[in-house]
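A.B. asks: test case, fold it:
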Amino acid sequence: MADEVTPVDLDLRLVRYFLCLAEHGHFGRAAAELYLGQPALSRSIRRLEEQLGVALFRRTSRGARLTAAGEAFRPFARDLHREASRGVAAARAAARPRRIRVGYTTNLVVTAALVPLRRRHPDAEVQTRHLGWDEPVRALHEELVDVVVARLPLPTAGLSVAPLHREGRVLMVSTRHRLAGRASTTFAEIADDPVPVFPDPLWNAFWRVDPRPGGRPAPGGPLVERTADSNEWVASGTCISFIPAGAVPHQVHPGCTTVAIDGVPPCEVVALWRSDDDSELVGDFVTAARATLTGTGSAAAREAHPHSDPGP
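C.D. replies: A predicted model of the protein is given here:
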């Protein structure tokens with residue numbers, strides 16, 4: 001009689017993390033793509049190894065290399081992840097879901113797109129959910145929402161992206177800053193002003209404008225995880241920051257004001273959804289968003305959520 005294999009309940013999220021790390025061979029790059037911190041990714045891989053009872057990676061000074069057990073597990077992990085995605089898609093298609101959960105980040109609104117969606121699907125349950133600047137990708141992968149309106153840059157592996165509009169960026173400074181009250185400024189005038197540092201590398205580079213035009217690195221500043229903390233630093237005069245042009249300074253923080261600055265590329269506002277989600281509701285929302293969310297919704301967002309986290 002062949003030896004019986006003890007059943008193992010695998011967490012598919014951990015399998016996806018394994019595949020990403022196997023592809024990159026580096027915890028930092030894999031964590032960035034997964035929108036995780038490196039410690040969280042390392043703990044997740046250890047949990048998977050404990051579930052399997054084998055070491056899947058050999059940690060080195062240069063990254064992570066698959067062990068023989070990891071190489072053996074990799075093709076099965078691919079099949080498992082692929083079949084799980086197909087199963088989810090089949091179940092959703094069979095169930096014909098009549099609910100859509102729409103996420104959005106601060107200073108962005110989705111109302112204009114929801115009106116035609118509700119008109120087209122009067123029997124559907126339409127929910128909305130406000131998300132912090134760092135939550136859209138996780139919320140999609142964990143199926144807390146079905147589609148999100150957010151600002152790039154974000155890691156978009158496994159997601160479909162529909163550009164909606166571009167939004168300018170401005171400089172935010174303390175009302176006591178030497179540039180307060182100026183109509184505009186240049187990078188030369190802020191060359192030595194500290195700028196808050198974010199833990200996410202994509203977000204950090206974009207919202208610090210790092211490197212600056214000409215290749216000079218942006219000056220360092222306090223490490224922050226929430227933009228509300230960044231705003232406090234700016235209001236105190238410790239540093240400056242870049243924010244979307246649609247944000248109103250006195251609602252971001254009463255001690256802050258904004259100044260236009262030359263040479264800053266705009267940010268892109270997009271709709272994001274899981275690539276394997278072919279829901280009619282998601283498709284119709286994206287169509288409506290492309291037609292209606294054209295950059296005129298920031299004022300409505302501020303009126304609807306004046307006390308929400310004023311993230312970039």
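A.B. asks: from here on, contacts and neighbour counts on C-alpha atoms
C.D. replies: OK.
A.B. asks: three-state assignment of Asp192?
C.D. replies: Asp192 falls in the coil class when you classify it by DSSP: H, G, I helix; E, B strand; the rest coil.
A.B. asks: need the nearest residue in space to it, chain neighbours excluded.
C.D. replies: Distances taken as C-alpha to C-alpha, 6 or more residues apart in numbering put Pro219 closest to Asp192, at 6.1 Å, once the chain neighbours are dropped.
A.B. asks: ok, now Gly132?
C.D. replies: With sequence-adjacent residues excluded and distances taken as C-alpha to C-alpha, 6+ apart, Gly132 is closest to Thr105, at 5.9 Å.
A.B. asks: that neighbour touches Ala150, doesn't it?
C.D. replies: Yes. Assessed by C-alpha atoms under 8 Å, Thr105 is found in contact with Ala150 at 5.5 Å.
A.B. asks: when those two are compared, which one has more neighbours?
C.D. replies: Set Thr105 next to Ala150 and count neighbours by other C-alpha atoms under 10 Å: Ala150 wins out with 28 against 25.
A.B. asks: isn't the more buried one right next to Val269, touching?
C.D. replies: Yes. Here Ala150 lies in contact with Val269, judged by C-alpha under 8 Å, at a distance of 5.7 Å.
A.B. asks: shared neighbours, these two?
C.D. replies: Both Ala150 and Val269 lack any common contact, where contact means C-alpha atoms under 8 Å, 6 or more residues apart in numbering.
A.B. asks: outside of the helix or strand hosting Glu50, which residues touch it?
C.D. replies: Element membership for Glu50 (DSSP states H and E) is helix 38-52. The contact list for helix 38-52 (C-alpha under 8 Å, 6+ apart) reads 8-11, 14-15, 17-18, 27-28, 31, 55-56.
A.B. asks: now a ChimeraX select for only the buried ones of the residues you listed.
C.D. replies: Buried subset of the contacts of helix 38-52, written as a ChimeraX selection, criterion 16 or more other C-alpha atoms under 10 Å:
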select :14,15,17,18,27,28,31,55,56
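A.B. asks: for the contacts of helix 38-52, which one is nearest Ala188?
C.D. replies: Gly28 (32.5 Å; C-alpha to C-alpha).
A.B. asks: and that closest one, what element?
C.D. replies: With DSSP H and E as the test, Gly28 turns up in helix 27-34.
A.B. asks: please name every helix or strand in contact with that helix.
C.D. replies: Here helix 27-34 touches helix 12-24, helix 38-52, going by 3 or more C-alpha pairs under 8 Å, 6 or more residues apart in numbering; DSSP states H and E.
A.B. asks: nearest to Glu125, out of those helices?
C.D. replies: That would be helix 12-24 among those, by C-alpha to C-alpha, at 27.4 Å.
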